[in-house]
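Peer 1: Provide a 3D model corresponding to the input given below.
(2 chains)
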Amino acid sequence: QKEVEQNSGPLSVPEGAIASLNCTYSDRGSQSFFWYRQYSGKSPELIMFIYSNGDKEDGRFTAQLNKASQYVSLLIRDSQPSDSATYLCAVNMINAGNMLTFGGGTRLMVKP
Amino acid sequence: DGGITQSPKYLFRKEGQNVTLSCEQNLNHDAMYWYRQDPGQGLRLIYYSQIVNDFQKGDIAEGYSVSREKKESFPLTVTSAQKNPTAFYLCASSIGGPGTEAFFGQGTRLTVV
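Peer 2: Here you go, the predicted structure:
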């Protein structure tokens, strides 16, 4: 079992729709959860972080965390073609020296 | 502007050659990291450093070496012992150490020729 799992996609949504990206993790002690956006050939860019159960909203982005289910998600409202990228989930792993462990990423395609 | 600068952007290595990738940050962050990304894959940790003159191996340290003589600089050497070095290398830093938000440089794409 991978420590941080994401569906590789591609996830295809029409412009203006809500994109829902999901991530599960294996370490029950994890406390910090991050979402990065990575355009093709570029480096990852931090877009959201969440530490507490529930929802955290920032503009069109909402991060959702459920520690009991070991599940974190990213919702993108009013998706735009410029949102087309790979989204990486990162989780701190207590059983690995508190290091960030990255999922393999979900490729999102927003079609005009 | 504050940030993390990696150089070169593209690097070509011949078989049996050592090459060094540069990473400099002016964010005053204590912790720095090196990750490797293969096509379609997530990031894997090579080495990290929390303070000057100290660094720790990550998950895939074999064939790589680092130094941390200055807070701002964390160069990575890919040695001839690394049998499959072709990848995208990413340097990152964080103010709070492991488990906190990391910020990335623009990356170095290394190709073996």
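
Peer 1: Just the strands from the chain, written as ranges.
Peer 2: As the question left the chain open, I've gone with chain A. Using DSSP state E, the strands of chain A run over residues A:4-5, A:11-14, A:19-25, A:33-38, A:45-50, A:54-58, A:61-66, A:71-76, A:85-93, A:99-102, A:106-111.

Peer 1: um, chain B though
Peer 2: Going by DSSP E, chain B shows strands at B:4-7, B:10-13, B:19-25, B:31-37, B:43-51, B:54-57, B:64-66, B:76-78, B:87-94, B:103-104, B:108-112.

Peer 1: okay if I get those strands as TSV plus distance to chain A, mean pLDDT and mean neighbour count?
Peer 2: The C-beta positions use only the backbone N, C-alpha and C, and glycine is treated the same way. TSV is the format used below for the strands of chain B (distance: least, C-beta to the nearest C-beta, whole Å; pLDDT from 0 to 100; neighbours: other C-beta atoms under 10 Å in any protein chain shown):
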stretch	distance to chain A	mean pLDDT	mean neighbour count
strand B:4-7	8	96	18
strand B:10-13	11	93	14
strand B:19-25	12	97	19
strand B:31-37	8	96	24
strand B:43-51	4	94	21
strand B:54-57	8	95	14
strand B:64-66	15	97	20
strand B:76-78	15	97	20
strand B:87-94	6	96	24
strand B:103-104	4	95	21
strand B:108-112	8	94	18
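
Peer 1: Reformat those as TSV; add distance to A:Leu74.
Peer 2: TSV is the format used below for the strands of chain B (distance: least, C-beta to C-beta, whole Å):
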stretch	distance to A:Leu74
strand B:4-7	24
strand B:10-13	31
strand B:19-25	27
strand B:31-37	20
strand B:43-51	17
strand B:54-57	30
strand B:64-66	32
strand B:76-78	30
strand B:87-94	20
strand B:103-104	18
strand B:108-112	27
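
Peer 1: And the residue of chain B closest to chain A?
Peer 2: Distances between chain B and chain A by C-beta to the nearest C-beta are smallest at B:Gly99, namely 3.5 Å.

Peer 1: Contacts only, for that residue.
Peer 2: A:Gln31, A:Ser32, A:Asn92, A:Asn98, A:Met99, A:Leu100 (C-beta atoms under 8 Å, 6 or more residues apart in numbering or on different chains).

Peer 1: can you check B:Gly42 too?
Peer 2: So B:Gly42 contacts A:Val4, A:Leu88, A:Phe102, A:Gly103, A:Gly104, A:Gly105 (C-beta under 8 Å, 6+ apart).

Peer 1: do A:Arg28 as well
Peer 2: With C-beta under 8 Å, 6+ apart, A:Arg28 has these contacts: A:Lys67, A:Gln70.
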